[in-house]
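A.B. asks: The sequence isn't on hand, but the structure is:
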């Protein structure tokens, strides 16, 4: 039983990290699901939102800073829709994807220019010291980080809220229609521009939540934008269009990479978790090209 | 056909600017500075770059440059990426009347790449406190100057310290958490050697760039419970390590960072949890030294500071100031040796090789208390190999040891063996220093 303790601890720690990856992956899924655009700028949005919040909260009460950051993210969504997406309506998905790469570089640079490049501490009052569970069963107990638990609760709440939004509201149905076919959706009177504004704003708010969770854990600085790279294997695994897929994919990637680093890493020199996530995702692609929860697209030719 | 008047004016202006540029270039010392003010490593790159820029600005304002020759200063952003660093080097190496005086890449990866290039371009590579450890051997690496200490010296000093405070390392465990890059791997051979000599168990855990994913590493540390953890990180990796140590309940008092993992940007993001964390110090923090008074007077009072006034004197800021001072001392030496106003890179190399900072010269320069005396020679390009241990008390760094000197009797044969192996691999014939 004692030997099971470390395995459980690493597994649980991996699941918690996975939830954090899933938070970033959610932003990707939202935009792809509703607009068919693979938004490479999601990581940069996480950084931009977190930087805005942490710097504004230096001068303003925290609640006001959160509201102002949400306003900034909505303004950003408006600017992206107006200046980047609208001129590209009807273009191939690859063109839109490349446009979001441009947005990434702009946001990374612009964010650091106006908010600075230091590491900023984001303190949400969550205790940093660990909790130890099942101390009577395992020597030393099973370690759980309160910050990770906080992130898991936030991610769970977001998933429920977004699922309800997509399936039970008029806007949600419109978003899904736009995702299926821009032009057909427009022809039945769905205002494409408004829909894009809504979905990018929602993704901006999700980015803020992800930025708060990651920022509390790591401090707010440039590396947050690189977290997006950890969301990519999650998307490959979970499917680009499934919100529960992002969560399950995140959990599998998180637990898989941490267990691999812990148990396989020492045998081959360590430092494997970064690429192991992709190996895991690619292995799934061999069996299910659409990911675990992605939609199987059949096109008649 | 008469030329368009505005076009003529433009051409005239361009011609004057070119002539003026070439005239001024002939009378200036060209000082390129490779920096990273953006990206994942910017929190640590910025204070260093500010220290360099402010010191050069102060020398220009106070003394009119070095030996009466103004310094032309230019920064190039590398983002800590080797490819961008090499690109910056290629772009800047030939600028100025006599080319660049020297380069300081502030990156071991860029240093590795440039080590192959500088012998052909005849430009010195100053790598103060970083770079290839074996480049301390000037016979094989005539163009490299890892002044004040290499990573092998750093590892040796750390081991000496923990051996002393723990009453011997026999049976103890030491874990190295390192940035998975040439920089992070540098201390491993010394720590492995010492494991046999001192009788401790050694484990090295790599962390991939940029160092924000360390959970598995720290869960392993929680399982193995080493007596000491050495941290060889850079940028956000350091503060993340401290946060992860808190998350697994590892005492910060038993963590020791190398001198690139023991500055304010490494501890401040962790808040009060960083209290007790220790690290190597090549020099103290603080802005009470005469050189700072001049920087504040000639640069900040004139509104020309590169950073914020209150950040003058931070650990990495002071390192930038020292880095710039050593480079300009080499230039000053070259001016004297060759009786020239603007030395070439080749002449500056000679200036480095005959660099001797006595206590008196250090005082004259306004650095008394900031660095210890050093003497570079053809054989020894390190010049000095001493550091102290300092500890973060939540607000500032406090020294907890006196200066500790690396063990030359152990390190020098190792440096020479590694340098000779490098020479053999690259087909270099080591020069004689007799």
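C.D. replies: Structure received. Here the structure is a predicted model, which is why all the values come from computation and not from measurement.
A.B. asks: residues contacting the closest residue to residue A:44 other than its chain neighbours?
C.D. replies: Spatial nearest neighbour of residue A:44, excluding adjacent residues (C-beta to C-beta, 6 or more residues apart in numbering or on different chains): residue A:107 at 3.9 Å. To be clear about C-beta, it is placed using only N, CA and C from the backbone, and glycine gets the same treatment. Residues in contact with residue A:107, defined by C-beta atoms under 8 Å, 6 or more residues apart in numbering or on different chains, are A:41, A:44, A:45, A:47, A:48, A:76, A:225.
A.B. asks: Include neighbour count when you put the residues you listed into JSON lines, please.
C.D. replies: Formatted as JSON lines, the contacts of residue A:107 follow (neighbours: other C-beta atoms under 10 Å in any protein chain shown):
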{"residue": "A:41", "neighbour count": "30"}
{"residue": "A:44", "neighbour count": "27"}
{"residue": "A:45", "neighbour count": "34"}
{"residue": "A:47", "neighbour count": "29"}
{"residue": "A:48", "neighbour count": "29"}
{"residue": "A:76", "neighbour count": "22"}
{"residue": "A:225", "neighbour count": "26"}
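A.B. asks: For the residue nearest to residue A:44, give me the pLDDT.
C.D. replies: Per-residue pLDDT puts residue A:107 at 93.
A.B. asks: in the helix or strand encompassing it, what's buried?
C.D. replies: For residue A:107, the element it lies in under DSSP states H and E is helix A:93-115. In terms of neighbour count (16 or more other C-beta atoms under 10 Å in any protein chain shown), helix A:93-115 has its buried residues at A:96, A:99, A:100, A:103, A:104, A:107, A:108, A:111, A:112, A:115.
A.B. asks: same question, stretch B:365-379
C.D. replies: For stretch B:365-379, using 16+ other C-beta under 10 Å, the buried residues are B:365, B:366, B:367, B:370, B:371, B:372, B:374, B:376.
A.B. asks: With residue B:69 as the reference, measure out to the closest residue to chain A within the stretch 251-400 of chain B.
C.D. replies: Closest contact between the stretch 251-400 of chain B and chain A, by C-beta to the nearest C-beta, is at residue B:269 (3.5 Å). Note on residue B:269: its distance to residue B:69, by C-beta to C-beta, to the nearest Å, is 42 Å.
A.B. asks: ok, these two, which is more surrounded?
C.D. replies: residue B:269 (26 against 20; other C-beta atoms under 10 Å in any protein chain shown).
A.B. asks: Spell out the residue ranges of the helices in the stretch 1-150 of chain A.
C.D. replies: For the stretch 1-150 of chain A, applying DSSP state H, counting those that start in this stretch gives helices covering A:4-35, A:42-56, A:62-80, A:93-115, A:146-168.
A.B. asks: which secondary structure elements does the shortest one contact?
C.D. replies: Just to be clear, that refers to helix A:42-56. If you count contacts as 3 or more C-beta pairs under 8 Å, 6 or more residues apart in numbering or on different chains; DSSP states H and E, helix A:42-56 packs onto helix A:4-35, helix A:62-80, helix A:93-115, helix A:192-218, helix A:228-238.
A.B. asks: gap between the third one and the chain center?
C.D. replies: Think helix A:93-115. Relative to the centre of its chain, helix A:93-115 is centred 16 Å away, using C-alpha atoms, centre = their mean, to the nearest Å.
A.B. asks: mind checking how far the host helix or strand of residue A:253 is from the chain centre?
C.D. replies: For residue A:253, the host element (DSSP H and E) is helix A:243-259. Relative to its parent chain, helix A:243-259 has a centroid offset of 12 Å by C-alpha atoms, centre = their mean.
A.B. asks: hmm, that helix touching chain B?
C.D. replies: Yes: if you take C-beta under 8 Å from any C-beta of the partner chain as the test, helix A:243-259 does meet chain B, through A:257, A:258.
A.B. asks: any idea of the angle that helix forms with helix A:4-35?
C.D. replies: Calculated by axes from the mean of the first three to the mean of the last three C-alpha atoms, to 10 degrees, helix A:243-259 forms an angle of 150 degrees with helix A:4-35.
A.B. asks: Tell me if the longest helix along chain B is near chain A.
C.D. replies: Longest helix of chain B, by residue count under DSSP state H: helix B:315-338. No: counting by C-beta under 8 Å from any C-beta, chain A is not contacted by helix B:315-338; separation bottoms out at 11.8 Å.
A.B. asks: wait, which of the buried residues of helix A:93-115 is closest to residue A:53?
C.D. replies: residue A:115 (9.8 Å; C-beta to C-beta).
A.B. asks: what two of the contacts of residue A:107 are the furthest from one another?
C.D. replies: Among these, A:76 and A:225 lie farthest apart (C-beta to C-beta), at 14.3 Å.
A.B. asks: Kindly confirm my reading that residue A:289 is in a helix.
C.D. replies: No: looking at residue A:289 with DSSP: H, G, I helix; E, B strand; the rest coil, it is coil, so not inside a helix.
A.B. asks: since we're on it, how many residues are nearby?
C.D. replies: 11.
A.B. asks: residues in contact with stretch B:283-296?
C.D. replies: B:54-55, B:58, B:62, B:264, B:309, B:312-315, B:318-319, B:321-322, B:325, B:365-371, B:388, B:390, B:396-397, B:399.
A.B. asks: Give the buried subset of these as a PyMOL selection command.
C.D. replies: Of these, the buried ones can be selected in PyMOL as follows, counting by 16+ other C-beta under 10 Å:
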select buried, chain B and resi 54+55+58+264+312+313+314+315+318+319+321+322+325+365+366+367+370+371+388+390+397
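A.B. asks: Next, check the contacts of stretch B:283-296 against the strands and list the overlap.
C.D. replies: B:388, B:390, B:397, B:399 (DSSP state E).
A.B. asks: mind putting those residues in CSV, pLDDT included?
C.D. replies: Converted to CSV, the ones in strands among the contacts of stretch B:283-296 look like this (pLDDT from 0 to 100):
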residue, pLDDT
B:388, 97
B:390, 97
B:397, 96
B:399, 96
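A.B. asks: How is residue B:231 assigned, secondary-structure-wise?
C.D. replies: Classified using three-state DSSP, residue B:231 is strand.
A.B. asks: residues from chain B in reach of chain A?
C.D. replies: Counting by C-beta under 8 Å from any C-beta, chain B sits next to chain A at B:37-40, B:42-43, B:46, B:180, B:204-208, B:210-213, B:215-217, B:219-220, B:222-223, B:235-236, B:239-240, B:243, B:246-249, B:265, B:268-271, B:273.
A.B. asks: Just the buried ones among those residues, please.
C.D. replies: Taking 16+ other C-beta under 10 Å as the criterion, what is buried in the residues of chain B next to chain A is B:37-40, B:42-43, B:46, B:180, B:204-208, B:210-213, B:215-217, B:219-220, B:222, B:235-236, B:239-240, B:243, B:246-248, B:265, B:268-271, B:273.
A.B. asks: sorry, back to before: which two among the buried residues of stretch B:365-379 are spaced furthest apart?
C.D. replies: B:366 and B:376 (20.5 Å).
A.B. asks: Please state the offset of stretch B:328-341 from the chain centre?
C.D. replies: Relative to where its chain is centred, stretch B:328-341 has its mean C-alpha point 22 Å off (C-alpha atoms, centre = their mean).
A.B. asks: same deal with stretch A:31-42?
C.D. replies: The answer for stretch A:31-42 is 12 Å, by C-alpha atoms, centre = their mean.
A.B. asks: contact partners of it?
C.D. replies: Against stretch A:31-42 from outside (C-beta under 8 Å, 6+ apart): A:24, A:27-28, A:45, A:80, A:85, A:93, A:96-97, A:100-101, A:103-104, A:107, A:166, A:175-176, A:178-179, A:182, A:195-196, A:199-200, A:203, A:207, A:228, A:231, A:240-241, A:243.
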